[in-house]
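**Q** This is the structure alone, sequence omitted:
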């Protein structure tokens, strides 16, 4: 909300979106462009990123695409410098880039565990380290969206690296919220909790995961859920931006899973009960 309690107006603001070449990130980019925002789009997938940026420019948006490895601090610093050179300031930061690895937690190779931690946690930290000082120096109202997941509330078997890093994103984001409040910075922090969104994330995760039948079956079930009951990435972005404009910290485009699953999980923890896997949330 702005000073008089009205929803924020994003038109003309500059947004940096990581993981912008596909899925949720591309949905954020497309919706932000429809709101009249100027965009700096980052991803390690150069061809896909260029295609998204080209599509938006063809539709009249101001969009800069910057090939970025969020796990590399120097690459993220170069992204921040490019954003400053193109637009002079950054008003919104969407920390979204992430990867997934599937399998038994003790069998997932060390390099895949390391990649998930470097991208999903280290990447978010690198982006914050590069952009928050610049946003503080601007002294202007801003927004930081940290994309976690309902998987940050409900840990899942056969995708432990994802669960670990999305839980970590919750902690990082709440710490950031408190820190910026202590600094009395005019920067709103929101944690985004997607549920099923139509994308290729589970198909992509299956690549290179071997032939472990349990992991592949679980992966396929999650992908079917995304394909059949998931909302589009563009609709997800629309709902998220609407809630961010209202000043919300907890942002979920699909509150049903949280509302259904969190009371039972809370009771389980308070009752010191052994966890039971539920597939309906």
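**A** Sure thing, it's come through. Predicted model only: the values in this text are computed from it and were never measured.
**Q** just the helices in the stretch 51-200 of the chain please.
**A** 73-87, 110-117, 123-138, 160-182 (DSSP state H, counting those that start in this stretch).
**Q** Show me the contact partners of the third one.
**A** Meaning helix 123-138. 16, 18, 70-73, 76-77, 79-80, 84, 89-90, 93, 95, 97-98, 142, 144, 146, 169, 172, 176, 180, 183, 185, 187 (CB atoms under 8 Å, 6 or more residues apart in numbering). To be clear about C-beta, it is placed using only N, CA and C from the backbone, and glycine gets the same treatment.
**Q** Can you flag the buried ones in the residues you listed?
**A** Buried members of these, scored by 16 or more other CB atoms under 10 Å, are 16, 18, 70-71, 73, 76, 79-80, 90, 93, 95, 97-98, 142, 144, 146, 169, 172, 176, 180, 185, 187.
**Q** in the stretch 101-250 of the chain, what spans have low per-residue confidence?
**A** Applying pLDDT under 70 to the stretch 101-250 of the chain flags residues 199-228.
**Q** could I get the helices of the stretch 51-200 of the chain as TSV with distance to residue 265?
**A** Formatted as TSV, those follow (distance: least, CB to CB, whole Å):
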stretch	distance to residue 265
helix 73-87	34
helix 110-117	23
helix 123-138	24
helix 160-182	13
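**Q** Nearest to residue 35 among the ones you listed would be which one?
**A** With CB to CB as the measure, helix 73-87 is the member of those nearest residue 35 (15.5 Å).
**Q** ok and that closest one relative to helix 123-138, angle-wise?
**A** 40 degrees (axes from the mean of the first three to the mean of the last three CA atoms, to 10 degrees).
**Q** Please name every helix or strand in contact with helix 73-87.
**A** strand 14-18, strand 38-43, strand 63-67, helix 123-138 (3 or more CB pairs under 8 Å, 6 or more residues apart in numbering; DSSP states H and E).
**Q** Using JSON lines, lay out the ones you listed together with distance to residue 270.
**A** Below are those laid out as JSON lines (distance: least, CB to CB, whole Å):
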{"stretch": "strand 14-18", "distance to residue 270": "36"}
{"stretch": "strand 38-43", "distance to residue 270": "41"}
{"stretch": "strand 63-67", "distance to residue 270": "46"}
{"stretch": "helix 123-138", "distance to residue 270": "30"}
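**Q** Go through these and name the closest to residue 238.
**A** Each of these was scored for nearness to residue 238 using CB to CB, and the closest is strand 14-18 (14.4 Å).
**Q** In its sheet, which strands sit next to the closest one, and in what direction?
**A** strand 38-43 (parallel), strand 92-95 (parallel) (DSSP bridges).
**Q** possible to save these as JSON lines with distance to residue 196?
**A** Shown next, in JSON lines, are those (distance: least, CB to CB, whole Å):
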{"stretch": "strand 38-43", "distance to residue 196": "22"}
{"stretch": "strand 92-95", "distance to residue 196": "20"}
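**Q** Just put these in CSV and tack on mean pLDDT.
**A** As requested, these are exported to CSV (pLDDT from 0 to 100):
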stretch, mean pLDDT
strand 38-43, 98
strand 92-95, 98
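**Q** Relative to residue 159, which of these is closest?
**A** Closest among the strands paired with strand 14-18, using CB to CB: strand 92-95, at 20.0 Å.
**Q** show me where the stretch 151-281 of the chain has strands.
**A** Using DSSP state E, counting those that start in this stretch, the strands of the stretch 151-281 of the chain run over 187-192, 250-251.
**Q** Please identify the most buried of those strands.
**A** Using mean count of other CB atoms under 10 Å, the stretch among the strands of the stretch 151-281 of the chain with the largest mean neighbour count is strand 187-192, at a mean of 23.
**Q** Against which helices or strands is that strand packed?
**A** Looks like strand 187-192 contacts helix 123-138, strand 142-147, helix 160-182, helix 233-245, strand 250-251 (3+ CB pairs under 8 Å, 6+ apart).
**Q** mind redoing it with 6 Å?
**A** Contact here means 3 or more CB pairs under 6 Å, 6 or more residues apart in numbering; DSSP states H and E; on that basis strand 187-192 packs against strand 142-147, helix 160-182.
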